[in-house]
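>>> Curious how this folds, go ahead:
(one chain, ligands or ions: 2)
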Amino acid sequence: MKITNAYVNITSPGRNFVTLKVETDEGIYGLGDGTLNGREMSVASYLTEHVIPCLIGRDPFQTEDIWQYLYRGVYWRRGPVTMSAIAAVDVALWDIKGKALNTPVYNLLGGKSRDGVMVYCHAFGKDTEAALDDVAAHQELGYRAIRVQSGVAGLKGTYGVSKGGGRYEPAERGLPSEYEWATEPYLRATPKLFQKVRERFGEDLHLLHDCHHRLTPIEAARLGKELEPYHLFWIEDPTPAELQEGFKLIREHTVTPIAVGEVLNSIWDSHDLIRNQWIDYIRTTIVHGGGLTALKKLADFADLYHVRTGCHGATDLSPVTMAAALHFGLAIHNFGIQEHMPHTEETDAVFPHAYMYTDGYMHPGEKPGLGVDLDEALAAKYPYHRAYLPVNRKLDGTLTDW
Ligand code: CS2
Ligand code: MG
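Numbers count the residues shown, from 1 in each chain. Ligands and ions are numbered 1, 2, ... in the order given. Have a look, this model is predicted:
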């Protein structure tokens with residue numbers, strides 16, 4: 001089998017998605033997600049101008065060699081654009097392999113290790129009461145794990161809370177919007193939020209919280225310690241992870257589990273976090289982490305240190321990544337949990353798929369390959385619009401992490 005053609009599809013059913021389609025001489029094609037929220041055209045250009053010419057004529061079964069060719073052969077390594085482009089190729093090739101062998105991709109990753117993939121959803125509110133009501137609404141839908149985010153009194157806009165109610169979608173068309181931030185009100189309010197959640201919903205519900213890179217290590221240590229009575233499943237991105245050893249300080253103060261990784265894109269970015277057991281869950285995702293070939297290596301390395309996966313699964317990762325993540329989560333041994341932010345109906349129509357949600361779990365389905373497709377005629381009805389993630393400033397105007 002040979003790759004005969006490949007091209008990038010960019011569509012925007014409510015938000016932008018970058019999809020690579022790889023075609024072969026046997027009529028089988030594969031899809032890969034190359035979406036990088038706020039920098040989509042960088043990945044599209046990287047694929048079209050630099051990667052696709054090198055794919056034509058290659059054997060799509062050679063996932064390892066093609067991955068190494070695209071990673072080592074470029075000379076300039078790592079970074080979200082490069083690794084998202086490599087991921088788009090890699091996932092498309094696994095899709096082709098599964099279709100050619102007439103089997104779901106999970107069977108190529110070790111086969112089923114569990115019956116279903118436990119997922120967590122997002123509950124949020126502008127204040128504690130609204131957040132608790134949203135937890136109740138999501139518990140009604142059967143979720144056994146729920147991330148809880150709340151507005152912070154006195155702050156205009158907070159990560160994870162939609163501005164005007166309704167769905168939360170981080171990227172906005174037009175130039176970046178500006179949020180404001182103050183750590184102290186957040187640190188005072190968050191333990192009280194989770195105290196209220198436990199009082200209303202009891203101990204059985206898995207609770208998660210995303211600090212979204214906004215704390216220093218000692219602030220994260222304080223928060224983790226004050227959340228201990230509420231037994232969270234994890235606190236996520238407690239501090240920017242470029243300084244991996246910053247997590248050593250957090251670890252010395254709290255037993256609240258820690259998840260990191262959605263902005264990381266290679267095993268080297270989390271190598272110290274994992275081998276020192278400074279974290280409990282690795283969130284690096286298939287689309288931004290170099291694809292299934294790379295994520296399988298990362299998961300196997302993490303398994304040696306009791307670190308489980310908790311892959312990123314926001315709406316800015318397309319249904320192609322959701323499908324790949326579910327095959328991956330069904331097969332690997334050290335699966336932890338999978339994030340699930342349901343896409344819009346328009347998005348699901350553009351990307352028809354076999355995966356399904358039932359009572360707190362998801363399953364990729366039994367179709368050969370990934371079990372997801374791209375309706376190109378429908379996709380064409382949603383042209384790309386440049387969009388940006390917000391920026392965040394402290395009350396004195398200092399730019400900080402959003
Ligand atoms: C968040 C993401 O889902 C999460 O854990 O951190 O929503 C993140 O803000 C977006 O993916 C950024 O594009
Ligand atoms: Mg996050």
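>>> Okay, domains of this protein per the record?
Structural domains assigned to the chain are 3-104, 108-368, following automatic domain parsing.
>>> hey, which helix is longest across this protein?
helix 80-100 (DSSP state H).
>>> Is ligand 1 within reach of that one?
No. Against ligand 1, helix 80-100 shows no contacts by C-beta under 6 Å from any ligand atom, the least distance being 10.6 Å. Heads up, the C-betas are built off the backbone N, CA and C, glycines and all.
>>> For the domains of the chain, give me a markdown table that also has mean neighbour count, mean pLDDT and distance to Trp402.
Shown next, in a markdown table, are these (neighbours: other C-beta atoms under 10 Å; pLDDT from 0 to 100; distance: least, C-beta to C-beta, whole Å):
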| stretch | mean neighbour count | mean pLDDT | distance to Trp402 |
| --- | --- | --- | --- |
| domain 3-104 | 20 | 98 | 11 |
| domain 108-368 | 19 | 97 | 6 |
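>>> Out of those, which gets nearest to Lys394?
domain 108-368 (5.4 Å; C-beta to C-beta).
>>> my read: Arg147 touches Asp134, true?
No. Using C-beta atoms under 8 Å, Arg147 is not in contact with Asp134, being 10.5 Å away.
>>> which residues are in contact with both of the two?
Ala123 (C-beta atoms under 8 Å, 6 or more residues apart in numbering).
>>> Format the CA atom coordinates belonging to the longest helix of the chain as CSV.
Extracted in CSV, the C-alpha atoms of helix 80-100 (Å, rounded to 0.1, in the frame of the first residue of the first chain):
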residue,chain,number,x,y,z
PRO,A,80,3.2,22.4,19.9
VAL,A,81,3.1,23.2,16.2
THR,A,82,5.7,20.5,15.1
MET,A,83,4.2,17.8,17.4
SER,A,84,0.6,18.6,16.4
ALA,A,85,1.6,18.2,12.7
ILE,A,86,3.4,14.9,13.5
ALA,A,87,0.4,13.8,15.4
ALA,A,88,-2.0,14.5,12.5
VAL,A,89,0.1,12.3,10.2
ASP,A,90,0.6,9.6,12.9
VAL,A,91,-3.1,9.3,13.8
ALA,A,92,-4.1,9.2,10.1
LEU,A,93,-1.7,6.3,9.5
TRP,A,94,-3.1,4.3,12.5
ASP,A,95,-6.6,5.0,11.0
ILE,A,96,-5.4,3.6,7.7
LYS,A,97,-3.8,0.6,9.4
GLY,A,98,-6.9,-0.3,11.3
LYS,A,99,-9.1,0.0,8.2
ALA,A,100,-6.7,-2.1,6.1
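>>> For that helix, name the packing helices and strands.
If you count contacts as 3 or more C-beta pairs under 8 Å, 6 or more residues apart in numbering; DSSP states H and E, helix 80-100 packs onto strand 17-24, strand 29-33, helix 40-45, helix 63-72, helix 292-303, helix 319-331.
>>> the inter-axis angle of the helix or strand following that helix versus helix 319-331?
Per DSSP states H and E, the first helix or strand lying C-terminal to helix 80-100 is strand 117-125. In terms of direction (axes from the mean of the first three to the mean of the last three C-alpha atoms, to 10 degrees), strand 117-125 departs from helix 319-331 by 130 degrees.
>>> how about the residue nearest the centre of the chain, what does it touch?
The chain has His312 as the residue nearest its centroid, 2.1 Å off, counting by C-alpha atoms, centre = their mean. By C-beta under 8 Å, 6+ apart, the contact set of His312 is 261-262, 283-285, 288, 339.
>>> That's all I had, so thanks and see you.
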